[in-house]
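[1] From the sequence below, what's the structure:
(chains A and B)
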2 protein chains.
Amino acid sequence: MREVLAQAAFQLFLERGFERTTVDDIVARAGVGRRSFFRYFPSKEDAVFPDHESCLAEMTEFLSAVDDGDPVGAVCDAARIVLRMYADNPEFSVQRYRLTREVPGLRTYELSVVRRYEQTLAGHLRNRFGEGGDGALRAEVIAASVVAAHNNGLRLWLRSGGEGDPEVAVDHALALVREVWGSPSAPVAPAAATPASAPSFPVSGGGGGEDEVIVMVARKGTPMWRVVQQIEAAVGEN
Amino acid sequence: MREVLAQAAFQLFLERGFERTTVDDIVARAGVGRRSFFRYFPSKEDAVFPDHESCLAEMTEFLSAVDDGDPVGAVCDAARIVLRMYADNPEFSVQRYRLTREVPGLRTYELSVVRRYEQTLAGHLRNRFGEGGDGALRAEVIAASVVAAHNNGLRLWLRSGGEGDPEVAVDHALALVREVWGSPSAPVAPAAATPASAPSFPVSGGGGGEDEVIVMVARKGTPMWRVVQQIEAAVGEN
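    Residues are numbered from 1 along each chain as shown, chains lettered A, B, ... in the order given. This next block holds a predicted model:
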């Protein structure tokens, strides 16, 4: 029933426009009573995004069960749950993207959904980092970065008309965030002092095995993102 | 007139609540006709945030005139324009913050304003970084980080009831973003190879003058943010 209503609503929004479609039109098309609509959707806007509630629930469940070792990796993986929801239904996702661009009320609705995803990710990171020191600040900045990166990749795919695999663009975008904020094998404590030699720039990967070290020499004033990029290039990740 | 209407509206929102105040109530309190309200404010929500339009205009003007050398620093400074708007009127800012927490429609309105600031900052960075490669991606992620950091600091101050100087918390939060994404004296090209010695961890600042170098040795798998933190600590910034 929920599915039927959402489909009827979306067809009408495409045919007549969002503003010109009433809830009465929707229930007539679906062949049900007016009350049924509001049993499933608090508003017309909600019917355009029928999957976000279950997606948010899935994200919360995923994060509550995820391994503690790599919180930044975990929130990147959690963001991919949203991507899969879009990727599972390319045609619908692209049509909805176009509709949302045209209707200010839908854009605003979408912003509030995105904000809830962001807060879910930030909440997870806050728990892991702790509230003290810069834990909350770092959690919020990283969550915002993950969402911005995810949406950049998703938007490229939606603008292309849903061609190809959106995971490529999103993985690339999320890799940028991980490069800066955390790495897959990340121990949280700083590494202990290790003897090393032959400093050079750009970075050289040294040693072998678990205690492998990286040595980096850079002129002061080099932008930090550039330093990070060079370290990543040397380590051969990404 | 605009000011008078905004003040009348805000008084009524505090007295009666946002939802229960009508535009007719507002114009009656301000002693003007109904049309006057809509000449200045498209909606009741707009009257709660009367300064954002001029603040957005100021931000755009600032960014169009700013020096090209340090784009990340420039967008951080642009974000401080928003902070000053809040800091100039602590009592109003704190009351509005509390009101906004209580009214979902105002929260949504605020999200759309925040998004416009973010897009303004991202647009500036995109122009500086170029659309090619990861320019647009990096622009969007950095803009989101700056906004999240700014809002973290601003919110701390608002929650404290507007006590003290909000710039302290916001400067601290923005410093985290600059540490990761750019430094004040940032040359955009990578630094040339420079001979250096005595590598150690945590990082040691070396040399002197403009060609000063930093040498960093870390075990592979150290989270990137930790590397960045250590470099900053050694360089003695922040």
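[2] any idea how far residue A:146 is from residue B:14?
    Distance, residue A:146 to residue B:14, using CB to CB, to the nearest Å: 37 Å. C-beta coordinates here come from the backbone N, C-alpha and C atoms, glycine included.
[3] So those two - more neighbours on which side?
    With other CB atoms under 10 Å in any protein chain shown as the criterion, residue A:146 and residue B:14 differ in neighbour count, and residue A:146 comes out ahead with 27 against 14.
[4] Identify the residues contacting the more buried one.
    By CB atoms under 8 Å, 6 or more residues apart in numbering or on different chains, the contact list for residue A:146 reads A:72, A:75, A:76, A:79, A:121, A:174, A:177.
[5] For those, pick the one with the most neighbours.
    That'd be residue A:75 among the contacts of residue A:146, by other CB under 10 Å, with 35 neighbours.
[6] low-scoring stretches of chain A, by residue?
    Scanning chain A for pLDDT under 70 picks out A:183-238.
[7] Could you chop it up by domain?
    A:2-47, A:51-181, A:204-235 (automatic domain parsing).
[8] what are the ranges of the helices in chain A?
    In chain A, helices defined by DSSP state H lie at A:2-16, A:23-30, A:34-40, A:44-48, A:52-65, A:71-87, A:90-102, A:104-129, A:135-159, A:166-181, A:224-235, listed in chain order.
[9] residues near the residue lying closest to residue A:122 once chain neighbours are set aside, how many?
    Among residues not flanking residue A:122 along the chain, residue A:143 sits closest, at 3.7 Å (CB to CB, 6 or more residues apart in numbering or on different chains). As a burial measure, residue A:143 scores 26 neighbours (other CB under 10 Å).
[10] which residue ends up closest to the midpoint of chain A in space?
    For chain A, the residue nearest the mean C-alpha position is residue A:79 (3.5 Å; CA atoms, centre = their mean).
[11] Tell me the spacing between the residue lying closest to it once chain neighbours are set aside and residue A:75.
    Nearest residue to residue A:79, sequence neighbours excluded (CB to CB, 6+ apart): residue A:150, at 4.3 Å. Separation of residue A:150 from residue A:75 (CB to CB): 10 Å.
[12] list residues touching both of those two?
    With CB under 8 Å, 6+ apart as the test, residue A:150 and residue A:75 reach no residue in common.
[13] Return the distance of stretch A:5-22 from the chain's centre.
    28 Å (CA atoms, centre = their mean, to the nearest Å).
[14] So is it next to chain B?
    No. Stretch A:5-22 does not reach chain B (CB under 8 Å from any CB of the partner chain); its nearest approach is 15.8 Å.
[15] swap in stretch A:35-48?
    No. Judged by CB under 8 Å from any CB, stretch A:35-48 and chain B are separated, with a smallest distance of 10.4 Å.
[16] Run through who's touching that stretch.
    Here stretch A:35-48 has contacts from A:1-2, A:5-6, A:9-10, A:13, A:18, A:21, A:23, A:26-27, A:30, A:50, A:96, A:99-100, A:105-106, A:109, using CB under 8 Å, 6+ apart.
[17] just to revisit the earlier point, find the one among the helices of chain A with the highest mean neighbour count.
    Among the helices of chain A, ranked by average contacts under mean count of other CB atoms under 10 Å in any protein chain shown, first place goes to helix A:135-159 (a mean of 23).
[18] got the angle for it vs helix A:104-129?
    Calculated by axes from the mean of the first three to the mean of the last three CA atoms, to 10 degrees, helix A:135-159 forms an angle of 140 degrees with helix A:104-129.
[19] Adding distance to residue B:158, write the helices of chain A out as CSV.
    Formatted as CSV, the helices of chain A follow (distance: least, CB to CB, whole Å):
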stretch, distance to residue B:158
helix A:2-16, 38
helix A:23-30, 38
helix A:34-40, 35
helix A:44-48, 28
helix A:52-65, 26
helix A:71-87, 26
helix A:90-102, 31
helix A:104-129, 17
helix A:135-159, 15
helix A:166-181, 26
helix A:224-235, 29
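[20] Next one: residue A:161 from chain B, what distance?
    Note on residue A:161: its distance to chain B, by CB to the nearest CB, to the nearest Å, is 18 Å.
[21] which non-adjacent residue is nearest that residue?
    Leaving aside its sequence neighbours, residue A:161 sits nearest to residue A:94 (CB to CB, 6+ apart; 5.7 Å).
[22] Do I have it right that that neighbour meets residue A:162?
    Yes. Using CB atoms under 8 Å, residue A:94 makes contact with residue A:162 at a distance of 4.3 Å.
[23] if we can go back for a sec, which ones are touching the residue nearest to residue A:122?
    Residue A:143 neighbours (CB under 8 Å, 6+ apart): A:75, A:118, A:119, A:121, A:122, A:125, B:148.
[24] Kindly report the same for residue A:109.
    A:45, A:46, A:48, A:49, B:108.
[25] tell me the two of those that are most distant?
    A:48 and B:108 (15.1 Å; CB to CB).
[26] contacting residues for residue A:137?
    B:149, B:152, B:153, B:172, B:173, B:176.
[27] Repeat that for residue A:9.
    With contact taken as CB under 8 Å, 6+ apart, residue A:9 is in contact with A:21, A:26, A:30, A:41, A:44, A:47, A:48.
[28] Not including adjacent chain positions, what is the nearest residue to the third one?
    For residue A:30, ignoring the flanking residues on the chain, the nearest one in space by CB to CB, 6+ apart is residue A:8 at 4.0 Å.
[29] if I read this right, that neighbour contacts residue A:29, doesn't it?
    Yes. With contact defined as CB under 8 Å, residue A:8 reaches residue A:29; the gap is 4.1 Å.
[30] any common contacting residues for the two?
    Contacts common to residue A:8 and residue A:29, judged by CB under 8 Å, 6+ apart, are absent.
[31] Please report how far residue A:85 lies from chain B.
    Distance from residue A:85 to chain B, by CB to the nearest CB: 21 Å.
[32] Kindly report the same for residue A:69.
    From residue A:69 to chain B the distance is 11 Å (CB to the nearest CB).
[33] ok, now how distant is that residue from residue A:57?
    24 Å.
[34] again, but for residue A:76
    On the measure of CB to CB, residue A:76 and residue A:57 end up 19 Å apart.
[35] All set now, cheers.
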